[in-house]
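Novice: Please work out how this folds:
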Amino acid sequence: MNLLEKLFSYERFEMDWRRLLVQGALIILTGATLAIASALNPTAVVMTARHLSWLPVSGMVILSLGLLECLDAALAKETRDFLQNLQVGVLDAVIGGLIILSVTEEPARLSMMIATFLIVRGIVRITLAHALQLSHILVTSFGGLISIIMGLLIWKQWPTGEGWFISLCLNIEIAIRGWAMMTFALWVRTQKTDE
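Specialist: Reported below is the predicted structural model:
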């Protein structure tokens, strides 16, 4: 038996829908709080970044979520879950790290990267909702569509290309991610009751 077979034949933890539900609620709360802070205090100076509003904090949250996804990948029971969680986790960790390391840059230099990130996250969310045949497919797809629209707004710099708007869109994406996780938790619960 080679190393990969040993790794993937190892029994790992069961997916607990309650943990996913609580985790989703915490992510919604974090995203909503940061979105409100971005809108109400757009000139905040975080980590000596003058024009980025709450973007460095958003980067820390996305980095943390990416690292948690990578941990979920390491603890995944099936290979497909491992690969999906790892891809999403690495994307989040890299983007979060790049945002944190770019606190001395102008918002315009980050806008294209963040716009692309939002569009990719929206497409991934819609694709996974359809591939998994989630019972709340319309809700999850709607959240993905909102992420794509926000990415396009940042790309076109409409209504503005300032840091507070980029931060607002990124924090709304974080809240949408929590919402998607909660709908996924409810789907997992229905799968467990069917067994």
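
Novice: Now the top helix by length along the chain: average pLDDT?
Specialist: Criterion DSSP state H: the longest helix present in the chain is helix 163-194. Over the span of helix 163-194, the pLDDT mean works out to 86.

Novice: Now do the SS call for Leu52.
Specialist: Secondary structure assignment for Leu52 (DSSP: H, G, I helix; E, B strand; the rest coil): coil.

Novice: which non-adjacent residue is nearest it?
Specialist: Of all residues beyond its chain neighbours, the one nearest Leu52 is Gly163 (4.1 Å), with distances taken as CB to CB, 6 or more residues apart in numbering. Any C-beta I mention is one placed from the backbone N, CA and C, and that applies to glycine too.

Novice: ditto for Ile119
Specialist: Once flanking residues are discounted, Ile119 sits nearest to Gly151: 3.8 Å by CB to CB, 6+ apart.

Novice: before we move on, the earlier item: from the chain's centroid, how far away is the longest helix of the chain?
Specialist: Centroid separation for helix 163-194 versus its chain: 8 Å, with CA atoms, centre = their mean, to the nearest Å.

Novice: ok, and the residue nearest to Ile119, which helix or strand is that part of?
Specialist: Element membership of Gly151 [criterion: DSSP states H and E] is helix 137-156.

Novice: do the same with Trp158
Specialist: Counting by DSSP H and E, no helix or strand carries Trp158.

Novice: Check what contacts stretch 83-94 and list those residues.
Specialist: Under the contact criterion CB atoms under 8 Å, 6 or more residues apart in numbering, stretch 83-94 has outside partners 62-63, 65-73, 76, 117, 120-121, 124, 128.

Novice: what does stretch 106-117 give?
Specialist: By CB under 8 Å, 6+ apart, stretch 106-117 touches 51-52, 55, 91, 95, 98-99, 102, 151-152, 154-155, 157, 161-163, 166, 169-170.

Novice: can we see that at 10 Å?
Specialist: For stretch 106-117, the surrounding residues in contact (CB atoms under 10 Å, 6 or more residues apart in numbering) are 49-53, 55, 58-59, 62, 91-92, 94-96, 98-99, 102-103, 147-148, 150-157, 160-167, 169-170, 173.
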